[in-house]
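Trainee: quick one, structure for this:
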Amino acid sequence: MKALFLAWQNPVSRAWHPIGRLTFDGSLYRFSYIQGVINAQKEGSFKPLWAFPELNHTYESAELFPLFANRLMRRSRPEFPDFVQWLNVPEHAADPITLLARSGGNRVTDHLEVFPCPEPDEHGQYHLHFFSHGLRHLPPEVRPFIRQLQPGDRLYVAHDGQNPYDDKALLLRTSDSTIVGYCPRYLAADVFDLYHEDPETLTVVVERINPPPTPLKLSLLCHVTIVRLDGFQLFSSSDYQPFLPNPVGISA
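Mentor: Alright, predicted model coming up:
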């Protein structure tokens, strides 16, 4: 089963909250809210999404829900093959869930983002791909430097303790300490304690560099490997648990 999470950003505090989970079992897409939606409501102005108005239901559809489909580039567009290359997704694996999880599904018209829900491999390791965040906030002279990076180059994680928006922000730097962006907040929040216990549990390497005219936010694709310690499970906190143990299914 393929799965991903949906997160919402408070437009005032800029804090992110996981609010829902989308799955596809090969025949049906299912969306349901998770417990993170409770914190989103308490901390901010979050209201149930228009497409999914009931918090205590599981929505089902044979087609990808429009809320998610509208976050994907249409296959009919001439630049779609380039888009798939930017994400470094093999053509045979370019299904909607994979494309959404890899791209983030961001839109300028709302405060939503999607991210992967990975399973550990046979060695107990997690593998995720993400695009380096925050590139537009870096000095312009860093952009040519990023374009000179090569697939396989090691990137190092460091805590940005002076970040005014996120006290758990994890930045990415090269071996010569050049900052080349940030880990996504959803990942930093979940592995922050793990990183402080043992930084070597996280290994980040450059997966792909996409030069202009690729959108800046899709410039630096990274691959992170996370080694589990003492039974650590990614995205297993209460925020990621079902909103209700046995929600009632309704068709979209």
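Trainee: end to end on stretch 149-169, go ahead and measure it.
Mentor: 23 Å (CA to CA, to the nearest Å).
Trainee: now stretch 142-152
Mentor: 19 Å.
Trainee: so which bits of that stretch are buried?
Mentor: Neighbour-count burial for stretch 142-152, with 16 or more other CB atoms under 10 Å as criterion, is recorded at Arg143, Ile146, Leu149. Using the backbone N, CA and C atoms, a C-beta is placed for each residue, glycine as well.
Trainee: now distance to Gly26 too, for these, in TSV please.
Mentor: Listed next are those as TSV, based on distance: CB to CB, whole Å:
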residue	distance to Gly26
Arg143	41
Ile146	38
Leu149	37
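Trainee: in CSV: those, plus secondary structure.
Mentor: Converted to CSV, the buried residues of stretch 142-152 look like this (DSSP: H, G, I helix; E, B strand; the rest coil):
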residue, secondary structure
Arg143, helix
Ile146, helix
Leu149, coil
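Trainee: out of these, who's nearest Ile34?
Mentor: Ile146 (34.1 Å; CB to CB).
Trainee: tally of neighbours for the nearest residue to Glu79 once chain neighbours are set aside?
Mentor: Excluding the flanking residues, the one nearest Glu79 by CB to CB, 6 or more residues apart in numbering is Met73, at 7.1 Å. By other CB atoms under 10 Å, the residues close to Met73 number 14.
Trainee: what's the answer for the one 3 residues further on, then?
Mentor: Ser76 sits with 6 neighbouring residues when counted by other CB under 10 Å.
Trainee: you'd agree it is in a helix?
Mentor: No: counting by three-state DSSP, Ser76 falls outside a helix, being coil.
Trainee: report pLDDT for it.
Mentor: With respect to pLDDT, Ser76 has a value of 88.
Trainee: ok, now which ones touch the residue nearest to Glu79?
Mentor: Listed by CB atoms under 8 Å, 6 or more residues apart in numbering, the contact set of Met73 reads Glu79, Phe80, Phe83.
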